[in-house]
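S.K.: Generate a structure from the sequence data that follows.
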Amino acid sequence: MACDTRGLVHLGDFDMIVVGAGHAGIEAAAAAARLGVSAALFTLGLDGIGNMPCNPSIGGTAKGHLVREIDALGGVMALAADATTLQSRMLNRGKGPAVHSLRAQIDRQAYHRFTKEYLEKLPGLSIKQAEVVDLLVEQGRVKGVCTRLNGFYGAKAVVLCTGTNLAGKIFVGDASVESGPDGQHASVLLAASLRAAGLPMRRFKTGTPARVHRRSIDFSALERQPGEEPPEPFSFLTPPGAVRNTMDCFIAATNQETHRIIRQNLHRSPLYGGAIEGIGPRYCPSIEDKVVRFADKDRHQIFVEPCGPDTEEMYLQGMSSSLPEDVQIAMYRTIRGFEHLEIMRPAYAIEYDCIDPQALRHTLECRAVAGLYGAGQFCGTSGYEEAAAQGLLAGANAALAVLGRAPLTLPRYTSYLGTLVDDLVTKGVLDPYRMMTSRSEYRLTLRQDNADERLTPIGRKFGLVDDGRWAAFERAMEVKAAEQRRLENTTVRAPELNAVLESQGLAPVEKGGTAAQLLRRPEIGYQHVAAVIGPGDGVDGPMAQRITTEIKYAGYIQRQQRAIREVKRLESQTIPENFDYAPLTGLRLEAREKLEKLRPADIAAASRIPGVSPADIAVLSVAVAAAGAGPGKETEDSQ
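M.R.: So this is what the prediction gives:
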């Protein structure tokens, strides 16, 4: 991984270079530009910037939280999604507020155009269509990149956001071809150079369903799925009413005949025939996997989603496959409403290279090569939102390193992004990682509605949040604080409130109280007390819901805050980077090996490493204290 520059043309120098212009690359490049370093974004094709090779949607369970967190840190994804939304729905409305997650169907081409133009207008960012085939590395530090057309560029930091292009290989039945998604080039030479350098690379796999022609679907046989009114935006900057629902989605379902055809042709699937070596995502299985793993189910839902108003392509979410095209046609046409289905782009599986994320620090910098960062599927994750969140963090840290500033690290109690990164670098992954609300032990405090409170001050401290966003945040916090005071101090009389409740068929209350006291009752919402005392000045629907949630769940939130304070206490006991674990005979062998490999920054991080027991932590804590380590010097971090 040290390409020979003899015979190559020196084409320029940058503070940092981002390789790949998918969702991770977009956020990495934008973060660098916001921090004021000179940056270049390299992409295999300008037309692939912001591409959605799989589902044309943003958000979803837990993923919606990540989008809000990206926005709170000054990122791009939420703004792009709001500008290109076709349909918006809040998932899990019937469950608690911790798992409410926004999801939007997106105009795929408009999203590409928005992100491309956004990047083109960023000062200090150069965009280049070129294939990076190797890295310049000297004495363990990255120095630049080499391109396929015999050029090289110097850089102080490089962020790899290679997606599924890195040694990408597509499978449809017994046919396979080296390729990235949507027919893009596979980045084969770069993958070979990374492996040759001894980086701990591995092979993962994902897949995508077919795109089909709208005219070939009988929508009268499908269940219509309209958007939610009024649609809620992702970005805290998007004004109410700016997002509109303009297109419907639909629901279909497989049946026993569909499953019979799939079972009869499993021998033709590269997934079951052994041609695919990569490990696929556990929580996003192909239709072949669903039929085999859930043999007792006689149907699986399919979500029929538009790709945009200016295309006839429809996306069949829930039916990714690597079966041959003739089998795909046969199985799709067994489904009610799909009897005459026309496939425009067949489903396929794709294998690609990625790094073992335990080779990375919490900053997403590679331990073995200083200045080399990774984000997205390169780090073993799956999904646009996970990629974008990592891209923002990696890009920010690469730029901060160039500027000589302390890195941005996010403890897991601050965010889903912090949880994601901590899971990756501490626990590692056996299959493509997907964010879920269940992965966080702090999910009641890490709601999507309060992402700005949790992260915008951090983003401001590190220079990621501009003046306009900061002013909007301060105004929102003023509105919230004023309304909380008003609710705590305003008395609501029982007769007035009961008139409202009874008009809506709800049971009356026996006595009145302050508005906040009444809101603690499960059956009473903000709209009920507001009907009596009026809405607060500047309080919109989302803010009203946020305030109500914090009042109703105050006891649970306080309990989580106590747990967070204990974790902070453990984090204050830092472990020196060069700490010698060998003399600690009280540590079990497995614990010593894991600690030496991962080099946790503090006792809290050490306690989360699989294979490190509470007894090991007790021994380590005493040893670290005896060595004189403790609270580290005050740095520019998120805590």
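S.K.: who does the lowest-mean-pLDDT helix or strand in the chain touch, helix- and strand-wise?
M.R.: Ranking every helix and strand in the chain by mean pLDDT, DSSP states H and E puts helix 270-273 at the bottom, with a mean of 83. Applying 3 or more C-beta pairs under 8 Å, 6 or more residues apart in numbering; DSSP states H and E, we find helix 270-273 packed against helix 287-293. Yep, even glycine has a C-beta here, placed from its N, CA and C like the rest.
S.K.: how far does the helix it packs on sit from the chain's center?
M.R.: 26 Å (C-alpha atoms, centre = their mean, to the nearest Å).
S.K.: Pull out the buried positions in it.
M.R.: Neighbour-count burial for helix 287-293, counted by 16 or more other C-beta atoms under 10 Å, picks out 287-292.
S.K.: got the CA positions of it in CSV?
M.R.: Extracted in CSV, the C-alpha atoms of helix 287-293 (Å, rounded to 0.1, in the frame of the first residue of the first chain):
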residue,chain,number,x,y,z
ILE,A,287,-36.6,-13.8,-0.4
GLU,A,288,-34.8,-17.1,-0.7
ASP,A,289,-33.6,-16.8,2.9
LYS,A,290,-37.0,-15.8,4.1
VAL,A,291,-38.6,-18.9,2.5
VAL,A,292,-36.0,-21.2,3.9
ARG,A,293,-35.6,-19.7,7.4
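S.K.: got a list of contacts for the helix or strand immediately after it in the chain?
M.R.: Downstream of helix 287-293, the next assigned helix or strand under DSSP states H and E is strand 301-306. With contact meaning C-beta atoms under 8 Å, 6 or more residues apart in numbering, strand 301-306 is reached by 55-57, 86, 105, 214, 217, 222, 225, 247-254, 313-319, 335.
S.K.: Can you flag the buried ones in those?
M.R.: In the contacts of strand 301-306, the ones that pass as buried (16+ other C-beta under 10 Å) are 55-57, 86, 105, 217, 222, 247-250, 252-254, 313-319, 335.
S.K.: Just read off the phi/psi values of residue 48.
M.R.: Main-chain torsions, residue 48, degrees, to the nearest 10: phi -100, psi 0.
S.K.: For it, give me its contacts.
M.R.: 21-22, 112, 182, 184.
S.K.: got these as JSON lines, with pLDDT, secondary structure and neighbour count columns?
M.R.: Formatted as JSON lines, those follow (pLDDT from 0 to 100; DSSP: H, G, I helix; E, B strand; the rest coil; neighbours: other C-beta atoms under 10 Å):
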{"residue": "21", "pLDDT": "98", "secondary structure": "coil", "neighbour count": "28"}
{"residue": "22", "pLDDT": "97", "secondary structure": "coil", "neighbour count": "29"}
{"residue": "112", "pLDDT": "98", "secondary structure": "helix", "neighbour count": "19"}
{"residue": "182", "pLDDT": "90", "secondary structure": "helix", "neighbour count": "16"}
{"residue": "184", "pLDDT": "91", "secondary structure": "coil", "neighbour count": "19"}
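S.K.: Return the closest of the residues you listed with respect to residue 190.
M.R.: residue 184 (13.6 Å; C-beta to C-beta).
S.K.: wait, the closest one sits on residue 44?
M.R.: Yes. If you go by C-beta atoms under 8 Å, residue 184 and residue 44 touch, sitting 5.6 Å apart.
S.K.: thinking again about what came up before, tell me the one of the contacts of residue 48 nearest residue 579?
M.R.: Closest to residue 579 out of the contacts of residue 48 is residue 22 (37.4 Å), distances taken as C-beta to C-beta.
S.K.: For that closest one, which non-adjacent residue is closest in space?
M.R.: residue 163 (4.6 Å; C-beta to C-beta, 6 or more residues apart in numbering).
S.K.: OK, contacts around that neighbour?
M.R.: 20, 22, 24, 180-181, 352, 376-378, 387 are the contacts of residue 163 under C-beta under 8 Å, 6+ apart.
S.K.: hmm, 10 Å instead?
M.R.: Contact analysis of residue 163 by C-beta atoms under 10 Å, 6 or more residues apart in numbering lists 20-25, 44, 48, 51, 53, 180-181, 184, 187, 350, 352, 354, 375-378, 384, 387.
S.K.: how about the strands of the stretch 201-350 of the chain, start to end?
M.R.: In the stretch 201-350 of the chain, the strands defined using DSSP state E, counting those that start in this stretch lie at 201-208, 211-213, 223-225, 249-253, 301-306, 313-317, 343-345, 348-355.
S.K.: Name the helix or strand for residue 396, please.
M.R.: helix 384-402.
S.K.: and the strand or helix carrying residue 458, which residues are buried?
M.R.: Here residue 458, judged by DSSP H and E, is contained in helix 451-461. Residues 451-460 are the ones in helix 451-461 that count as buried (16+ other C-beta under 10 Å).
S.K.: and residue 183, how many residues sit next to it?
M.R.: Residue 183 has 12 neighbours, counted by other C-beta atoms under 10 Å.
S.K.: try residue 264
M.R.: The tally of other residues near residue 264 (other C-beta under 10 Å) stands at 12.
S.K.: State whether it and residue 334 are indeed in contact, as I suppose.
M.R.: No. Counting by C-beta atoms under 10 Å, residue 264 does not reach residue 334; the two are 11.9 Å apart.
S.K.: Point out where the protein drops to low pLDDT.
M.R.: Residue ranges of the chain with pLDDT under 70: 1-3, 629-639.
S.K.: if we go to 50?
M.R.: By pLDDT under 50, the weakly predicted segments of the chain are 631-639.
S.K.: So for it, the centremost residue is which one?
M.R.: Nearest to the geometric centre of the chain sits residue 386, at 2.0 Å (C-alpha atoms, centre = their mean).
S.K.: ok, now which ones touch residue 177?
M.R.: 168-171, 183, 186, 348.
S.K.: Appreciated, that's everything.
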